[in-house]
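> Next one to model:
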Amino acid sequence: MAATGNGKVLLEARGIVKDFPGQRALDKVDFDVRRGEVHALIGENGAGKSTLIKILAGAYRQDEGDIVMDGEKKDISNSGDSQALGLSFIHQDLNIVPHLSVAEISSLEDIQEAILVLCGSQRWWKWRNAFQKR
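Numbering: from 1, shown residues only. Now for the predicted structure:
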């Protein structure tokens, strides 16, 4: 689910494939984030949400496909690479900063132009409702 932004594409994942022994976690995934968009990845367990975020965060390497920022292919091989590109993520664990609201978490200094939200569907609705009240 994404709020539509009219800005330029900041981040693209093109044809991302990730295999684990005996299982394909991601099968040619395409994903993009434009200036002004906020994304939430929701789906069943095992759908590949965490795998995609871990690739963008540098925890995993994709087996195939490209990550493109500002029109240039990028190699994200570790978390330092991801951070150097200005990528930040709000992960499923809501206890990371339990004393902050969703709005406050989203305004943290290290959250750059694109915010990717990885959460379960029940949490997404809770967060969505919190945003709508502001």
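> outside of the one helix or strand residue 83 maps to, which residues touch it?
According to DSSP states H and E, residue 83 maps onto helix 79-84. Identification of contacts with helix 79-84 by C-beta atoms under 8 Å, 6 or more residues apart in numbering yields 56, 57, 58, 59, 74, 75, 76, 110. Every residue, glycine included, has its C-beta placed from N, CA and C.
> Could you list the buried residues of that helix?
residue 82 (16 or more other C-beta atoms under 10 Å).
> Just the contacts of helix 79-84: which are in helices?
Among these, the members found in helices (DSSP state H) are 56, 57.
> farthest pair in the contacts of helix 79-84?
The most widely separated members of the contacts of helix 79-84, counting by C-beta to C-beta, are 75 and 110 (21.4 Å).
> out of the two, which sits in the more crowded spot?
Taking other C-beta atoms under 10 Å, residue 75 and residue 110 do not tie; residue 75 has more neighbours (10 against 7).
> what's the closest non-adjacent residue to the more buried one?
Distances taken as C-beta to C-beta, 6 or more residues apart in numbering put residue 81 closest to residue 75, at 6.8 Å, once the chain neighbours are dropped.
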